[in-house]
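Engineer: Curious how this folds, go ahead:
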Amino acid sequence: MGGTGDSRRARRVDEAAKWRFLAALGEGASVLGAAKAGGFCATSFYKERERDEAFFRAWAEAIGAEFSPIVRPGFKRRLQRRKFRRQRFDEERRAAFLSQFARSCNIREAAAIAGVSESTVYLHRSQDAGFADAFQEALAQGYARLEVELLEERLEARRRLRALA
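Structural biologist: Okay, here's the model as predicted:
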């Protein structure tokens, strides 16, 4: 075990991997999806973002984040880099969410398709009356679809039972 050939050294994220990652982010992929496209795990890209200021800014630009790189010092702390918003729940993402939610009544699935978290959906529903109304309308449509599907399944089961008798 003490041989020189046993040690494994971690690969560093190269420039080509960074560009593949940024391109995937720019196309709307999640960080995990973009990391897969870049050929490394997401943690590698997060660490690289901490090391490389240019990569940090390119990442922010790829996801359309608006941020200020420095926070004012406060309560005896140093200057710190501010966290920035990862995904904007813009009109396009809202429309994708509401469309899928009306089809399935599944918040988790619809949020994943829209590329946002469930907590983002709940936050916007509580803070935006227009979105809350659209959410309720999509929910009503989804319930109606589910009821129709259940009735169709019930009728089909009844037909099969009659055919057996």
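
Engineer: which residues in this structure form helices?
Structural biologist: Using DSSP state H, the helices of the chain run over 15-26, 31-38, 42-51, 53-62, 91-104, 107-114, 118-127, 129-164.

Engineer: what helices or strands is the helix or strand bottoming out on mean pLDDT in the chain leaning on?
Structural biologist: In the chain, no helix or strand scores lower on mean pLDDT, DSSP states H and E than helix 53-62, which sits at a mean of 84. Judged by 3 or more Cβ pairs under 8 Å, 6 or more residues apart in numbering; DSSP states H and E, helix 53-62 is in contact with helix 15-26, helix 42-51. C-beta: built from backbone N, CA, C; applies to glycine.

Engineer: centre of the chain versus the last one, how much separation?
Structural biologist: This points to helix 42-51. Centroid separation for helix 42-51 versus its chain: 18 Å, with Cα atoms, centre = their mean, to the nearest Å.

Engineer: List the buried residues in it.
Structural biologist: 42, 44-45, 48-49 (16 or more other Cβ atoms under 10 Å).

Engineer: so, if you compare those, which one comes nearest to residue 129?
Structural biologist: Nearest to residue 129, judged by Cβ to Cβ, of those is residue 42 at 35.4 Å.

Engineer: Surely that closest one and residue 33 touch.
Structural biologist: No. With contact defined as Cβ atoms under 8 Å, residue 42 and residue 33 do not form a contacting pair (9.4 Å).

Engineer: Would you mind giving both backbone torsions of the most centrally placed residue in the chain?
Structural biologist: Closest residue to the average C-alpha location of the chain: residue 115 at 3.4 Å, with Cα atoms, centre = their mean. When read as degrees, to the nearest 10, the backbone of residue 115 gives phi 80, psi 30.

Engineer: For residue 26, which residues are in contact?
Structural biologist: Taking Cβ atoms under 8 Å, 6 or more residues apart in numbering, we find residue 26 in contact with 62-63.

Engineer: can you rerun that using 6 Å?
Structural biologist: By Cβ atoms under 6 Å, 6 or more residues apart in numbering, the contact list for residue 26 reads residue 62.

Engineer: Go ahead and confirm residue 113 touches residue 100.
Structural biologist: Yes. In terms of Cβ atoms under 6 Å, residue 113 counts as a neighbour of residue 100; the distance is 4.8 Å.

Engineer: Nothing else from me, thank you.
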